[in-house]
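Engineer: Below is the sequence, then the predicted model.
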Amino acid sequence: MTSPEIQRASPAAVRKVVILVVIAAVVGLALIGVFELLRPALVNWLTEDPDRAVPRMGVALALLGAALVLPVLAFVVVFWRFALRVRAAGRFPPPGTTLVRDARVVTGSSATRLALLLQVVSIVLALIAIAMAAMLWRIFDILQRAAG
């Protein structure tokens, strides 16, 4: 019996991932801090003029929707393209994939099933993103109707 093929991790990729996580954490904390500083002004902007509150709430909900949905859709595209690479190569991980840990290479029908699973997950995530956008749209519609 032959031992399974192992695709080795890249030490440089591990360093890049650690740096990326640290940068993302710092940026996230900075955004939270900025939002906390600007929150009183945002609340004032939303409530200062009752005649314009609903349209302004629509702007706020649209921005919230974009912040929630666009990253999910970007992830869907990346996941789908990766699944296509797995299917085309007939192996997982596909050739040229940079890994942060060693991985056993899966080939043949098992790799095809993994590609299909990745595509199903992509579709489910896309549906979740669409549902989030639809719910925010519905909330805005309810607010508009309540305002008259």
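Structural biologist: Okay, I see it.
Engineer: Looks to me like residue 136 is in a helix.
Structural biologist: Yes - Residue 136: assigned to a helix according to DSSP: H, G, I helix; E, B strand; the rest coil.
Engineer: Which strand or helix spans the spatially closest residue to it that is not a sequence neighbour?
Structural biologist: Nearest non-adjacent residue to residue 136, counting by C-beta to C-beta, 6 or more residues apart in numbering: residue 65, 4.4 Å away. Using the backbone N, CA and C atoms, a C-beta is placed for each residue, glycine as well. According to DSSP states H and E, residue 65 maps onto helix 53-89.
Engineer: Tell me how far that helix lies from the chain's centre.
Structural biologist: 6 Å (C-alpha atoms, centre = their mean, to the nearest Å).
Engineer: sorry, back to before: the residue nearest to residue 136 contacts residue 132, correct?
Structural biologist: Yes - contact criterion C-beta atoms under 8 Å: residue 65 and residue 132 qualify, at 7.1 Å.
Engineer: Next up, the contacts around the residue most central in space within the chain.
Structural biologist: Ranked by distance to the mean C-alpha position of the chain (C-alpha atoms, centre = their mean), the top residue is residue 72 at 3.0 Å. By C-beta atoms under 8 Å, 6 or more residues apart in numbering, the contact set of residue 72 is 125-126, 128-129, 132.
Engineer: in this structure, which ranges drop under the pLDDT threshold?
Structural biologist: In the prediction, the chain carries residues with pLDDT under 70 at positions 1-3, 148.
Engineer: quick one, strands of this structure?
Structural biologist: Taking DSSP state E as the criterion, the chain contains strands spanning 6-7, 91-92, 103-104, 106-107.
Engineer: what's the neighbour count on the nearest residue to residue 47 once chain neighbours are set aside?
Structural biologist: In space, and not counting its chain neighbours, residue 47 is closest to residue 53: 6.3 Å by C-beta to C-beta, 6+ apart. Residues lying near residue 53 (other C-beta atoms under 10 Å) number 15.
Engineer: Thought residue 46 was touching residue 53, still the case?
Structural biologist: Yes - at 6.2 Å, residue 53 counts as touching residue 46 under the criterion of C-beta under 8 Å.
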